[in-house]
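Student: everything below, folded, please.
(2 chains)
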Amino acid sequence: MPNFDPATLDYVLLAPQFIVTGLIFVCLSLDLMVYGRGHRFIGWVAIMGLAVGIGAQASLWGVRSSFAGVLRVDDYSNLFNIIFMAAGIGVVFLSFDYAERFFTQPGEFYAFLVAGVLGMGLMAQAQELLTAYIALELLSFSSYVLVSYAKTNLKSNEAGLKYIILGSFSSAILLYGVSLLFGAVGSTMFPDIRAALDTSVATSAVAQIALLMITAGLAFKVAAVPFHMYSPDVYEGAPTPITAFLSVASKAAGFALTMRFVVMALWPLRGPVSDVIAFLAVLTMTLGNVVALRQTNMKRLMAYSSIAQAGYALIGVAAFFAVGDIAEQASRGVILQLIGYLFTTLAAFGGIIAFQVVADGRENISDLAGLSRRSPFAAFAIMSALFSLAGMPIFSGFMTKLFLFAPVARADLLWLVAIAVLNSTISLYYYLQVIRVMYSESPAGVTALNASAVAAIKAASIHHEEPVLVGAAVAHGSAHVPDNHGSSHGSHGAESLDDVAPASLGPWWRRRLTDGMEPELRFPIDPISIELRIGITLALAGIFALGLYPAPFVNLAYDASKALFAK
Amino acid sequence: MVPIEHIMVFTGALFCIGVYGVMARRNAVLVLMAIELMLNAVAINLVAFGTLVYPGQINGMVFAIFVVTIAAAELGLGLAIVLRVYRMRSSINVDDIDLMRW
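Tutor: A predicted model of the protein is given here:
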């Protein structure tokens, strides 16, 4: 740690972080003053504060400096800070309804969320190992609290316990590595480590064990196989907005730190580092995709899909040591992939939350049956997100994968790209499976009802041909629907009841969607609150903006990559 | 003066005992204590390197203070979550906590 005089430090460089820190305390103290639905006000304050933070961070664009030598402020950390604050805003938008429905004390929730955003931002700025560790713990501690925030939910408790045990275990391993590296090098600054690794220190056993342990700790943070075991359980048990937060922001923060560490500190070891990352990438995407094929729980499916997506991003990191500007393009690809994944995940989880809030928190894929009729907007959001994850054109996934795979192929890692493309094809299966369930299946419990209703109608029409009796049969069938909020809202016998249903009202597209439903079940069906609607719309706008006109995002990511590789 | 190798063997052993505790213990509180052992090994390591290998610096000691603080915060948070789990299921045996697997 260099000597410095507090009076000469340039505090303006950290203005956005000060704003976010202040926001934590504002949210906490507001929680003392509001009650009931007042937590929505705290949420809006958090959104405004983070928006101001984004503005402050954007005003530092182009700066290339460091704070006391330990926090680097350049376009790379600026862009990542903006990504994290945007992710925070998105997650707050998704949280309103969920918090109101499932939490006993929704107010403090937002403060912890903002604290997590601060930790992630500092992780992206750190260029010193202990600072990076403290930032990482700030993020981890907020995540532990947030994961177990649904206090009376057994799954949430279990996820929290698993997360804190495995999380602190992995961070203890990382920290032991840091202490050994400090012993071998005498400093924990990234440039000093790099200088030391150029000498004979690189071959000493202590330094090698230290780097191995640090790699394990960072791989845990990005949930790379074989350090992923915690993530499906944690993602499944956590409150759904937090699942989105962890899979998008926490993972991106892990990447931000890993990329900085690899480029600034590990450059002299480029051969072995590149091999290790390529190896982890192959394991990560293959296992993530193959295990995802068997999942029946939507959140668990998204967890494995998130592992697979981290695998794609890792192949970009493996190409960081290529000659010329290929490395910069690879890093641009990784950053774009993370941005695209942010929009995609927020849209997917927005749709899932819209469903869960009315469906009593159910989360199996089969529960989503008929979602396109019950809640077309949520179904469309999930569908766009899944197509984007599968890499379809016009969605962001196609563009980001293109920008990610192309430089890797040019860096003589064509075999890695081949495996990644193969994995994308596998992933298409389980993404399309979910879309099929949402768009072409009837809600659970309705099939049996249809059978009995059709039988009743046939019997009625043969023997009596009296509409009154038909109506009675249908009403009788309806009484058999299990009394769970979601499924009783579905389509009731699309084809079989056509002749008995009264003429549909409304425009043709609405009639298409509601034909065959009983009149009282017609549009609009599942209510979505305005906040959730804004969140999903913003995420969808991001997906299509990145998919159709990626130029602005590409330029931002390219500036960030240049800052990352700057000497 | 104790040679640095002895201290490294000591902290290595302490760290491994901690890892063994995390793997073998079934009680969640004891698992958290095993994690504390690992963090203590780190703190001793940092102080030892700071005083014996790089005597001019105070960095090692400063790092150790941070590590001890974070370890305390981690334990506090962990115990809170363990308490919550105990209230919900009347057990803190990590083998019983198996609602979710694969």
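Student: got the confidence number for the closest residue to residue A:71 other than its chain neighbours?
Tutor: For residue A:71, ignoring the flanking residues on the chain, the nearest one in space by CB to CB, 6 or more residues apart in numbering or on different chains is residue A:125 at 4.3 Å. In short, each C-beta sits where N, CA and C put it, glycine included. Per-residue confidence (pLDDT) for residue A:125: 96.
Student: and residue A:447, by the same measure?
Tutor: Per the predicted model, pLDDT is 51 at residue A:447.
Student: and if you look at residue A:221?
Tutor: Per the predicted model, pLDDT is 92 at residue A:221.
Student: and the gap between the residue nearest to it when sequence neighbours are not counted and residue A:132?
Tutor: Nearest non-adjacent residue to residue A:221, counting by CB to CB, 6+ apart: residue A:254, 3.5 Å away. Using CB to CB, to the nearest Å, we find residue A:254 at a distance of 11 Å from residue A:132.
Student: ok, back up a step: report the contact partners of the residue nearest to residue A:71.
Tutor: A:67, A:71-73, A:77, A:81, A:135 (CB atoms under 8 Å, 6 or more residues apart in numbering or on different chains).
Student: so which of those belong to strands?
Tutor: A:67, A:71-73 (DSSP state E).
Student: please identify the buried residues of the helix or strand hosting residue A:439?
Tutor: Using DSSP states H and E, residue A:439 falls within helix A:414-440. Along helix A:414-440, these residues count as buried under the neighbour rule (16 or more other CB atoms under 10 Å in any protein chain shown): A:416-417, A:419-420, A:423-424, A:426-428, A:430-431, A:433-435, A:437-439.
Student: returning to what we had before: who's more crowded, residue A:254 and residue A:132?
Tutor: residue A:132 (27 against 23; other CB atoms under 10 Å in any protein chain shown).
Student: for that one, give me phi and psi.
Tutor: phi -60, psi -40 (degrees, to the nearest 10).
Student: could you find the closest non-adjacent residue to it?
Tutor: Once flanking residues are discounted, residue A:132 sits nearest to residue A:126: 3.8 Å by CB to CB, 6+ apart.
Student: look up phi and psi at residue A:411.
Tutor: Here residue A:411 shows phi and psi, under degrees, to the nearest 10, equal to phi -90, psi 20.
Student: in this structure it contacts residue A:326, no?
Tutor: Yes. Applying CB atoms under 8 Å as the test, residue A:411 and residue A:326 come out as touching, 5.0 Å apart.
Student: residue A:527 contacts residue A:358, doesn't it?
Tutor: Yes. Counting by CB under 8 Å, residue A:527 touches residue A:358, with 7.1 Å between them.
Student: who's more crowded, these two?
Tutor: Applying other CB under 10 Å to residue A:527 and residue A:358 shows that residue A:358 carries more neighbours, namely 20 against 11.
Student: and that one, how close does it get to chain B?
Tutor: Plainly put, residue A:358 is 24 Å away from chain B if you go by CB to the nearest CB, to the nearest Å.
Student: check what pLDDT that residue gets.
Tutor: 84.
Student: what does residue A:276 give?
Tutor: 94.
Student: residues in contact with residue A:400?
Tutor: Per CB under 8 Å, 6+ apart, neighbours of residue A:400: A:333, A:336-337, A:339-341, A:546.
Student: please list all residues in contact with the residue lying closest to residue A:104 once chain neighbours are set aside.
Tutor: Leaving aside its chain neighbours, residue A:104 sits nearest to residue A:151 (6.1 Å; criterion: CB to CB, 6+ apart). Taking CB under 8 Å, 6+ apart as the criterion, residue A:151 is in contact with A:103-104, A:157, B:84.
Student: adding pLDDT, write those out as a markdown table.
Tutor: Formatted as a markdown table, those follow (pLDDT from 0 to 100):
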| residue | pLDDT |
| --- | --- |
| A:103 | 90 |
| A:104 | 86 |
| A:157 | 92 |
| B:84 | 92 |
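Student: same list, those residues, but as a markdown table with secondary structure and distance to residue A:347 please.
Tutor: Shown next, in a markdown table, are the contacts of residue A:151 (DSSP: H, G, I helix; E, B strand; the rest coil; distance: CB to CB, whole Å):
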| residue | secondary structure | distance to residue A:347 |
| --- | --- | --- |
| A:103 | coil | 23 |
| A:104 | coil | 28 |
| A:157 | helix | 29 |
| B:84 | helix | 32 |
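Student: just the buried ones from those residues?
Tutor: Looks like the contacts of residue A:151 have A:103, A:157, B:84 buried, using 16+ other CB under 10 Å.
Student: would you agree the first one is in contact with residue A:148?
Tutor: It refers to residue A:103. No. Residue A:103 lies out of contact with residue A:148 (CB under 8 Å); the separation is 11.4 Å.
Student: which residue is nearest the centroid of chain A?
Tutor: The centroid of chain A falls nearest to residue A:248 when counting by CA atoms, centre = their mean (2.8 Å).
Student: so what's the closest residue to that residue other than its chain neighbours up against?
Tutor: Excluding the flanking residues, the one nearest residue A:248 by CB to CB, 6+ apart is residue A:345, at 4.4 Å. Counting by CB under 8 Å, 6+ apart, residue A:345 touches A:244, A:247-248, A:302, A:306, A:385.
Student: also residue A:207?
Tutor: A:180-181, A:184-185, A:196-197, A:201.
Student: pull the most distant pair out of these.
Tutor: A:180 and A:197 (13.7 Å; CB to CB).
Student: and those two? which has more neighbours close in?
Tutor: residue A:180 (27 against 21).
Student: residues contacting that one?
Tutor: A:206-207, A:209-210, A:213, B:45.
Student: hmm, 6 Å instead?
Tutor: A:206, A:210 (CB atoms under 6 Å, 6 or more residues apart in numbering or on different chains).
Student: so what's the most centrally placed residue in chain B scoring on pLDDT?
Tutor: Among the residues of chain B, residue B:36 comes closest to the average C-alpha position under CA atoms, centre = their mean, at 2.4 Å. At residue B:36, the model reports a pLDDT of 95.
Student: going by neighbour count, list what's buried in the helix or strand that it is a member of.
Tutor: Using DSSP H and E, residue B:36 sits in helix B:28-48. For helix B:28-48, a neighbour-count test (16+ other CB under 10 Å) marks B:28, B:31-48 as buried.
Student: same check on stretch A:192-209?
Tutor: A:193-194, A:196-197, A:201-202, A:207-209.
Student: and stretch B:60-74, by the same measure?
Tutor: So, applying 16+ other CB under 10 Å, buried residues of stretch B:60-74: B:60, B:63-64, B:66-67, B:70-71, B:74.
Student: thinking again about what came up before, out of the buried residues of helix B:28-48, who's near chain A?
Tutor: B:31, B:35, B:38-39, B:42, B:45-46 (CB under 6 Å from any CB of the partner chain).
Student: which member of the residues you listed is positioned nearest residue A:14?
Tutor: Closest to residue A:14 out of those is residue B:46 (26.0 Å), distances taken as CB to CB.
Student: would you confirm that that closest one contacts residue B:60?
Tutor: Yes. Counting by CB atoms under 6 Å, residue B:60 is a contact partner of residue B:46 at 4.7 Å.
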